[in-house]
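**Student:** A structural model of the following input is requested.
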Amino acid sequence: MNPFAQLIDILVGLYITVILLRFFLQYFRADFYNPLSQFVIKATDPLIKPMRKLIPGFGGIDVSTLILAYLMILLKIILIMLLAGQVNFNMLFLLLYSVVELLP
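**Tutor:** Okay, here's the model as predicted:
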């Protein structure tokens, strides 16, 4: 595997983990004065705040955070495929694979 692809996989994967951690912290109503919670909020706010203006929450679930995590997974897969030299790829496969990778 290309070292740049591994670097993208690791860095974007860590950011996706932080995004999903924010989702679970909100879902379980964790204490937001905790230093870990403060880090997670500060690290994800620049991307989540614009998404919240477009996509509202639904039934107490922050849908914009889940959609951002899905889009980050999709971006990660596309970047890795482009680095591997695969210019032609099946978009339906990418969309479904991103959903599978989002599920724990």
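
**Student:** stretch 3-18 - what's its average pLDDT?
**Tutor:** Per-residue pLDDT values over stretch 3-18 give a mean of 94.

**Student:** buried set for it?
**Tutor:** Within stretch 3-18, the residues scored as buried using 16 or more other C-beta atoms under 10 Å are Ala5, Ile8, Asp9, Val12, Tyr15, Ile16. C-betas here are computed from N, CA, C, even on glycine.

**Student:** got it, and stretch 28-41?
**Tutor:** Using 16+ other C-beta under 10 Å as the test for burial, stretch 28-41 gives Ser37, Val40.

**Student:** and the longest helix along the chain, what does it pack against?
**Tutor:** Secondary structure assigned by DSSP state H gives helix 3-27 as the longest helix of the chain. Counting contacts by 3 or more C-beta pairs under 8 Å, 6 or more residues apart in numbering; DSSP states H and E, helix 3-27 is packed against helix 35-54, helix 63-83.

**Student:** CA atoms only: put the longest one into CSV for me.
**Tutor:** Looking back up the chat, that one is helix 63-83. What follows is helix 63-83, C-alpha atoms only, in CSV (Å, rounded to 0.1, in the frame of the first residue of the first chain):
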residue,chain,number,x,y,z
VAL,A,63,-28.1,13.7,12.1
SER,A,64,-25.6,16.3,10.8
THR,A,65,-22.8,14.6,12.8
LEU,A,66,-23.6,11.2,11.3
ILE,A,67,-23.8,12.6,7.8
LEU,A,68,-20.4,14.3,8.3
ALA,A,69,-18.9,11.0,9.4
TYR,A,70,-20.4,9.3,6.3
LEU,A,71,-19.0,12.0,4.0
MET,A,72,-15.5,11.8,5.7
ILE,A,73,-15.5,8.0,5.1
LEU,A,74,-16.5,8.6,1.5
LEU,A,75,-13.8,11.2,1.1
LYS,A,76,-11.2,8.8,2.6
ILE,A,77,-12.1,6.0,0.2
ILE,A,78,-12.0,8.2,-2.8
LEU,A,79,-8.7,9.7,-1.9
ILE,A,80,-7.1,6.3,-1.3
MET,A,81,-8.5,5.0,-4.6
LEU,A,82,-7.2,8.0,-6.5
LEU,A,83,-3.7,7.5,-4.9
